[in-house]
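>>> coordinates only, no sequence provided:
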């Protein structure tokens, strides 16, 4: 996997990486990934993030077990079905081998309700996910890869127990990372013309 | 404001910009900003985002009015107090002049509850805020600036009415953008050593 230094190269070539080489990820690269995360904005510059850098094989195995069960819940497929699909499905492959990723970064924060945010979808998430995106872009710039996952939500209690995370802390994502097996590169996206509107929800296309 | 092409320069120098020159923002730059947003990941690659590019002065004025009231609610300061603080406080300056930003990008998506996401904080926000971070980084790379705001949550009904946004759509942020008055540059952040832990919530520092 090559590195990249040009900003737009990184933006356009960062894609979800779900299969990893077994090679360990040097700690100095993880430091750069997480320092880049801390450069993201947060509401009132509160920087609520905490990054758990999980390398312990026994703890990763527990995360992997909970992730596989969560993906099974989400997909409606049994663990055995998923094991049979790892060759054709990167998602199934990740679900089966999650706990074997060289590093899993768990991004979490103490729960603090934001005034006026009746849904919970705005105030605190807006202070966490930009940092996660900085992590993923920086991983790609350094020749690493990872993927933003959210299946922890299905068996969060087991995951919190494995990580010693207290009840008042929210997990926003677990990002498995490592050197990619497979490539970064172009992605399938709707054209910008189809998702941009002038001035109003029912406005004319902008571009 | 200079442009930047080096990936790490962009990551480390992108900061919240709350004051703008009156100069219009060329549409081709907005196109690049929003296309970069669409390069972000989303759950199942659903790409739920819709970008409203608001330039109409009458609509921006309505957004600005609601934003000022929302910031007043949030800060506990009256509009007149905020008007008196615009010189020393970039937040007050933005609250008073929000509707005069050359462009306001409203990022929204149809509400879809994610299975297993009892809090609402994980499933859908994780598919929207990474795109917003790509927008902000790309703006900086192009010599523009902006800021991720969430005060729309206080008077969301008025904002939805001004934009013709239906009830089943969630606004995730309104990002005012333009050429910066003031600079990008270094930011105040906790050292990465203080926010990274090995293997567990109560783990040793990683770095």
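Cool, the structure landed. Given the structure is predicted, the values throughout are model-derived calculations rather than measurements. Residues are numbered from 1 along each chain as shown, chains lettered A, B, ... in the order given.
>>> what about the lengthiest helix in chain A, near chain B?
Taking DSSP state H as the criterion, chain A has its longest helix at helix A:57-75. Yes. Using CB under 8 Å from any CB of the partner chain, helix A:57-75 reaches chain B at A:59, A:70, A:73-74. In short, each C-beta sits where N, CA and C put it, glycine included.
>>> can you tell me what sits against the helix or strand just after that helix?
Scanning forward in sequence from helix A:57-75 by DSSP states H and E, the next helix or strand is helix A:79-84. Here helix A:79-84 makes contact (CB atoms under 8 Å, 6 or more residues apart in numbering or on different chains) with A:68-69, A:71-72, A:75, A:89, A:92, A:95-96.
>>> may I see the ChimeraX selection of the buried members of the residues of helix A:57-75 next to chain B?
To isolate the buried members of the residues of helix A:57-75 next to chain B in ChimeraX, using 16 or more other CB atoms under 10 Å in any protein chain shown:
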select /A:59,70,74
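>>> any idea how far residue A:207 is from residue A:195?
In this view, residue A:195 and residue A:207 are 10 Å apart by CB to CB, to the nearest Å.
>>> helices along chain A, start to end?
A:7-13, A:27-37, A:57-75, A:79-84, A:90-97, A:129-141, A:156-163.
>>> would you tell me which one of those helices is buried the most?
Of those, the one with the most neighbours on average (mean count of other CB atoms under 10 Å in any protein chain shown) is helix A:129-141, at a mean of 27.
>>> show me what contacts the residue nearest the centre of chain A?
The centroid of chain A falls nearest to residue A:148 when counting by CA atoms, centre = their mean (1.8 Å). Neighbouring residues of residue A:148 by CB under 8 Å, 6+ apart: A:16, A:129, A:132-133, A:136, A:173, A:175, B:41, B:126, B:130.
>>> report the two of the contacts of helix A:79-84 separated the most.
A:69 and A:89 (17.1 Å; CB to CB).
>>> looking at residue A:195 and residue A:207, which has the bigger crowd around it?
residue A:195 (21 against 16; other CB atoms under 10 Å in any protein chain shown).
>>> where in chain A is pLDDT low?
Applying pLDDT under 70 to chain A flags the ranges A:1, A:185.
>>> now do 90
Scanning chain A for pLDDT under 90 picks out A:1-4, A:112-121, A:123, A:182-187.
>>> longest strand in it, please.
As assigned by DSSP state E, the longest strand anywhere in chain A is strand A:169-178.
>>> between the two ends of stretch A:38-48, how far is it?
Stretch A:38-48 has an end-to-end distance of 10 Å (CA to CA, to the nearest Å).
>>> any idea how far residue A:102 lies from chain B?
13 Å (CB to the nearest CB, to the nearest Å).
>>> that residue - nearest residue in space that isn't next to it in sequence?
Leaving out its chain neighbours, the residue that sits closest to residue A:102 by CB to CB, 6 or more residues apart in numbering or on different chains is residue A:178, at 4.0 Å.
>>> the one you found contacts residue A:103, correct?
Yes. At 6.5 Å, residue A:178 and residue A:103 qualify as touching, with contact defined as CB atoms under 8 Å.
>>> what is in contact with these two at once?
Here residue A:178 and residue A:103 have residue A:25 as joint contacts, going by CB under 8 Å, 6+ apart.
>>> out of the contacts of residue A:148, which comes closest to residue B:159?
Of all the contacts of residue A:148, residue A:129 has the smallest distance to residue B:159: 21.4 Å, by CB to CB.
>>> I'd guessed the closest one sits against residue B:133; true?
Yes. In this structure, residue A:129 is within contact of residue B:133 by CB under 8 Å, at 7.3 Å.
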